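Visitor: here is the input, now give the coordinates:
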Amino acid sequence: MQAGAKKAKARSGARAVKRRERARKSKKGIFEALRWTLSLAASEFGINPRTVVKRVKAAGLVAGKDGKFSTAQIHAAICGDYERQRTRKTKEEADAKALENAASRGELVDKLDLLKRLEPIYAGMKEKVLSSQMSEAQKDALLQELTKLHQV
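Guide: Below you'll find the predicted structure:
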């Protein structure tokens with residue numbers, strides 16, 4: 001009787017496992033994604049529930065129709081968007097290096113210094129335009145164009 005009882009118990013246990021698996025499978029035969037409540041996420045990650053709520057709100061996440069969040073959403077809220085931060089940091093480092101290289105090659109110009117050096121040239125051109133034989137409309141048009149250059 002004991003051997004028969006063990007076999008029956010084993011079959012019963014196997015059937016229970018199969019029932020649980022069938023219950024977890026979706027219509028397509030793929031396991032359904034794990035869904036998280038905020039309290040479950042707080043408990044699992046060892047974080048104060050209020051902190052989880054704040055981070056979810058800060059990330060602009062919205063719960064699904066079931067009132068729960070996906071694992072990816074919880075991860076993004078708790079850990080932040082690491083990939084975006086890493087990409088941003090890498091871009092900033094590359095931009096800084098590009099500026100450093102351009103400066104070492106003498107490709108950069110100090111804008112304030114340039115404008116200061118162009119001021120006497122601009123003033124001289126303006127004086128020549130105003131004392132020229134052009135019509136007032138032509139003078140105004142040319143001075144407007146010169147002003148655009150001066151504002152660079």
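
Visitor: and L34, its phi and psi?
Guide: Summarising the backbone geometry of L34 under the convention degrees, to the nearest 10, its torsions are phi -70, psi 130.

Visitor: swap that for K68, sorry
Guide: phi -120, psi 170.

Visitor: identify each buried residue in stretch 70-90, please.
Guide: Using 16 or more other CB atoms under 10 Å as the test for burial, stretch 70-90 gives Q73, I74, H75, A76, A77, I78. Yep, even glycine has a C-beta here, placed from its N, CA and C like the rest.

Visitor: and whatever helix or strand the third one lives in, what's its mean pLDDT?
Guide: Just to be clear, that refers to H75. For H75, the enclosing helix or strand under DSSP states H and E is helix 71-79. Regarding helix 71-79, the rounded mean pLDDT is 88.

Visitor: re the thing from before, including distance to L112, could the buried residues of stretch 70-90 go into TSV?
Guide: Rendered in TSV, the data for the buried residues of stretch 70-90 read as follows (distance: CB to CB, whole Å):
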residue	distance to L112
Q73	48
I74	50
H75	47
A76	43
A77	45
I78	46
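
Visitor: quick check: closest non-adjacent residue to L142.
Guide: Setting aside the residues directly before and after it, L142 is nearest to V129 in space (CB to CB, 6 or more residues apart in numbering), at 5.3 Å.
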